[in-house]
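Visitor: Predicted model follows, preceded by the sequence.
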Amino acid sequence: MIRFTDVTKRYPAMTRPAVDGLSLEVNEGETCVFVGPSGCGKTTTLKMINRIFEPTSGEISLNGENIISQDADRLRQGIGYVIQKTGLFPHYTVFENVATVPRLLGWDEERITARVRELLQLVGLDPDENVPKYPRELSGGQGQRVGVARAMAADPPVMLMDEPFGAVDPVTRTQLQNEFLTLQQRLRKTICFVTHDIDEAIKMGDRIAIMNDGRLVQYDTPENLLLAPADDFVAEFIGSDRALKVLSLLPVPKVLRRQFRVVKDSAELEAVRASFDASNRNRLVVEDRYSGALGYVTRSDAEKATSARGWNRFIRPFPVTLPPEATLRDALAVMLQHDVGAVPVMDGSRRFLGMVDLEDIRSYVGEAYQESEPDPAEEEPS
Ligand SMILES: Nc1ncnc2c1ncn2[C@@H]1O[C@H](COP(=O)(O)OP(=O)(O)O)[C@@H](O)[C@H]1O
Ligand SMILES: [Mg+2]
């Protein structure tokens, strides 16, 4: 949808180009995160998309059309822009700030009022409370929310976000990131997002463009980036904890053991013992008759039971469970915290989906890295 073809930007005072031969394509509905050290050309790249700057050479196209041949005002109306210090007009109220673009577009007041209220709600601000406020009366997080609302006012298909959550405290930043991810899941805008923080890039990006000295070093999904960094610069930029970071991208169903023995709480002791014999394990998951997981029973407890139904009182609740949306990182965290080697995964109606096992996480990640290591034989001269 947004395509850079060999784009170079030179500023007169600089010896090297600020952006150097950039070629990449941002897919419709995806978030592309530009990341790299300060001065690597991220902001310049963004500002060429809405024509604050023009490339020295090369071409940028939007929906297949060179942006240079489009009317600049029209182009910008289709592109929301959010920057770090919010860029809110200090003498305008929240209402007037968010209403800026709809007013430019000549919407009637009724439609503008409805849209402003809708947007404030969308970004988690109470409209009644915030509409009359001035930017100086807002906290950092509230200001950024208004900035996002203003950028989305005319429902542009494209959003440019330059370190949008960079100036707020870590707790608020996490909150804003999560809210924005939820919003984006629904709205599916095409987003170019700039950050210098690799963790934020991994969290927010469908694809990540790592830049260094104006050049694109790697353009990949977060998972590929972590598993197969293109060079030493990327590996160092990602950090030595990349094995841990990749865990946060992998949902638990990736390693779920589904072939787990389950017994009903109404089963007879005979059947329970038979299941133990067949399973070669020391624990069985117990479900009630509606298939909601109750907990587990151990082999030795089942051996202690004497009557057909008496084993029932040995059912123990799981110390901890995970939802299927949890990541392997979440799984590892609860295993360490609760000192267990496996955690059951249950959906919202307590249906047992399987077990995540520490050993499975270890071998899954180990194999993923092995696959992405270059084969040394290929590099040897023949
Ligand atoms: N308007 C400008 N005039 C001259 N040089 C600039 C201008 N804007 C940025 N630069 C230079 O271009 C390089 C890239 O800057 P920038 O795109 O802002 O990087 P980033 O956003 O990655 O920190 C830097 O060396 C910066 O000093
Ligand atoms: Mg910048």
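Guide: Here it is on my side, so go on. Ligands and ions are numbered 1, 2, ... in the order given.

Visitor: What mean pLDDT does stretch 308-325 get?
Guide: Confidence over stretch 308-325 (mean pLDDT, whole number) is 90.

Visitor: which other residues reach that stretch?
Guide: Residues from elsewhere that reach stretch 308-325, judged by CB atoms under 8 Å, 6 or more residues apart in numbering: 251-253, 265, 268-270, 272, 286, 293-298, 301-302, 304-305, 330-331, 334, 337-338, 340, 343-348, 353, 356. The C-beta positions use only the backbone N, C-alpha and C, and glycine is treated the same way.

Visitor: Now the buried members of these.
Guide: The neighbour-count criterion (16 or more other CB atoms under 10 Å) marks 251-252, 265, 269, 272, 286, 293-298, 301-302, 305, 330-331, 334, 343-346, 353, 356 among these as buried.

Visitor: and the longest helix for the protein?
Guide: Longest among the helix segments of the chain by residue count, using DSSP state H, is helix 170-187.

Visitor: what's the following helix or strand after it?
Guide: Taking DSSP states H and E as the definition, the helix or strand that follows helix 170-187 towards the C-terminus is strand 190-195.

Visitor: helices or strands up against that following strand?
Guide: Contact partners of strand 190-195 among helices and strands, from 3 or more CB pairs under 8 Å, 6 or more residues apart in numbering; DSSP states H and E: strand 31-35, helix 42-49, strand 158-162, helix 198-204.

Visitor: Can you give the contact residues for that strand?
Guide: Contacts of strand 190-195 (CB under 8 Å, 6+ apart): 1-2, 26-35, 42-43, 45-46, 49, 157-164, 166, 184, 201, 204-205.

Visitor: Which parts of that strand count as buried, going by neighbours?
Guide: Within strand 190-195, the residues scored as buried using 16+ other CB under 10 Å are 190-195.

Visitor: Burial check on Ser57, number of neighbours?
Guide: Ser57 sits with 12 neighbouring residues when counted by other CB atoms under 10 Å.

Visitor: Name the residues linked to it by a beta bridge.
Guide: Beta bridges link Ser57 to Thr8 when assigned by DSSP bridges.

Visitor: and if you look at Asp162?
Guide: The residues listed as beta-bridge partners of Asp162 by DSSP bridges are Ile83, Val194.

Visitor: Start the count at 36 instead of 1 going forward.
Guide: OK, 36 is where the count begins now, so the last one is Asp197.

Visitor: Just give me the neighbour total for it.
Guide: Neighbour count for Asp197, taken as other CB under 10 Å: 21.
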